[in-house]
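Chemist: curious how this folds, go ahead:
(2 chains)
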Amino acid sequence: NAGVMQNPRHLVRRRGQEARLRCSPMKGHSHVYWYRQLPEEGLKFMVYLQKENIIDESGMPKERFSAEFPKEGPSILRIQQVVRGDSAAYFCASSPRQGDNSPLHFGNGTRLTVT
Amino acid sequence: TQLLEQSPQFLSIQEGENLTVYCNSSSVFSSLQWYRQEPGEGPVLLVTVVTGGEVKKLKRLTFQFGDARKDSSLHITAAQPGDTGLYLCAGLTLTGNQFYFGTGTSLTVIP
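Modeler: Numbers count the residues shown, from 1 in each chain, chains lettered A, B, ... in the order given. Below is the predicted model:
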């Protein structure tokens, strides 16, 4: 999973600030997924993107959260006006294709702490 | 909505024992994958099962996909401390739009 790069690894924000999480997929991968994880729990789907398109954002809160995957550059998960409940690990995964059982390649996550 | 329930949630066993982890759903999935995650890292794929009833073996690990493609199990024989980690199942929806992850099973193997 070293091929998917997420940064920063750790991010501390005060309530009300903005958090920007970045994900560079593996080379050749055009599909990106974002997941959120609380300690000792499974991953909760947030959003699925292809280059320049949001395919499925059904798991992402309607307010304060947004995601993009521009033609050039990394995918960005943006959380505005963070609250303590946003504290979690956020994982990005990439795959080369959609829906053909290709494995998801995960980054090592960004741990967001809201104080 | 959590579509995949895993059991048990926590499991602590002695080295050399056998164990089975279950992943159950009321939904049908196109395929199911099992991942293992270690602290501070992202999940790493162990196996993908696609066909109902399929059984795959990976050394001491045996994976089975239910006939109806709604559930799966992971059996570990003679567990070792290196097997310690969080085991996650993930189902690919029939639309192929997303992978739903299970609730996770945290395994600790005591030397």
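Chemist: tell me what residue B:61 is bridged to.
Modeler: Note on residue B:61: beta-bridge partners by DSSP bridges are residue B:58, residue B:76.
Chemist: the one 4 residues further on too?
Modeler: Per DSSP bridges, residues listed as beta-bridge partners of residue B:65: residue B:72.
Chemist: now do the contacts for it.
Modeler: Residue B:65 sits next to B:32, B:49, B:50, B:51, B:52, B:53, B:54, B:55, B:71, B:72 when contact means CB atoms under 8 Å, 6 or more residues apart in numbering or on different chains. Heads up, the C-betas are built off the backbone N, CA and C, glycines and all.
Chemist: looking at those, which are in strands?
Modeler: Using DSSP state E, the subset of the contacts of residue B:65 located in strands is B:32, B:49, B:55, B:71, B:72.
Chemist: excluding chain neighbours, give the residue nearest to the third one in space.
Modeler: Using CB to CB, 6 or more residues apart in numbering or on different chains and skipping the chain neighbours, the partner closest in space to residue B:55 is residue B:64 (5.0 Å).
Chemist: how about the contacts made by that neighbour?
Modeler: Contacts of residue B:64 (CB under 8 Å, 6+ apart): B:49, B:53, B:54, B:55, B:56, B:72, B:73, B:75.
Chemist: by neighbours, which of these wins?
Modeler: Within the contacts of residue B:64, most neighbours by other CB atoms under 10 Å in any protein chain shown means residue B:72, with 28 neighbours.
Chemist: burial check on the residue of chain B at minimum distance from chain A, number of neighbours?
Modeler: Distance from chain A to each residue of chain B (CB to the nearest CB) is smallest for residue B:96, at 2.1 Å. By other CB under 10 Å, the residues close to residue B:96 number 16.
Chemist: list the neighbouring strands of whichever helix or strand residue A:111 is part of plus their orientation.
Modeler: Assigned by DSSP states H and E, residue A:111 belongs to strand A:110-114. Using DSSP bridges, the strands paired with strand A:110-114 are strand A:10-13 (parallel), strand A:88-95 (antiparallel).
Chemist: now do the least confident helix or strand in chain B by mean pLDDT: everything it contacts.
Modeler: Between all helices and strands in chain B, the lowest mean by mean pLDDT, DSSP states H and E belongs to strand B:99-101, at a mean of 89. The contact list for strand B:99-101, computed with CB under 8 Å, 6+ apart, reads A:33, A:35, A:42-45, A:104, B:2-4, B:29, B:33, B:88-93.
Chemist: for residue A:56, what are its contacts?
Modeler: Residue A:56 is in contact with A:47, A:48, B:97, B:98, counting by CB under 8 Å, 6+ apart.
Chemist: now do the last one, the pLDDT please.
Modeler: Per-residue confidence (pLDDT) for residue B:98: 80.
Chemist: ok, residue B:94 - contacts?
Modeler: So residue B:94 contacts B:28, B:29, B:30 (CB under 8 Å, 6+ apart).
Chemist: in the chain, which ranges drop under the pLDDT threshold?
Modeler: You didn't pick a chain, so chain A it is. The model of chain A has pLDDT under 70 over residues A:1-2, A:98-101.
Chemist: meant chain B, my bad for not saying
Modeler: For chain B (pLDDT under 70), the answer is B:1-2.
Chemist: do that again at 50, thanks
Modeler: Applying pLDDT under 50 to chain B picks out no residues at all.
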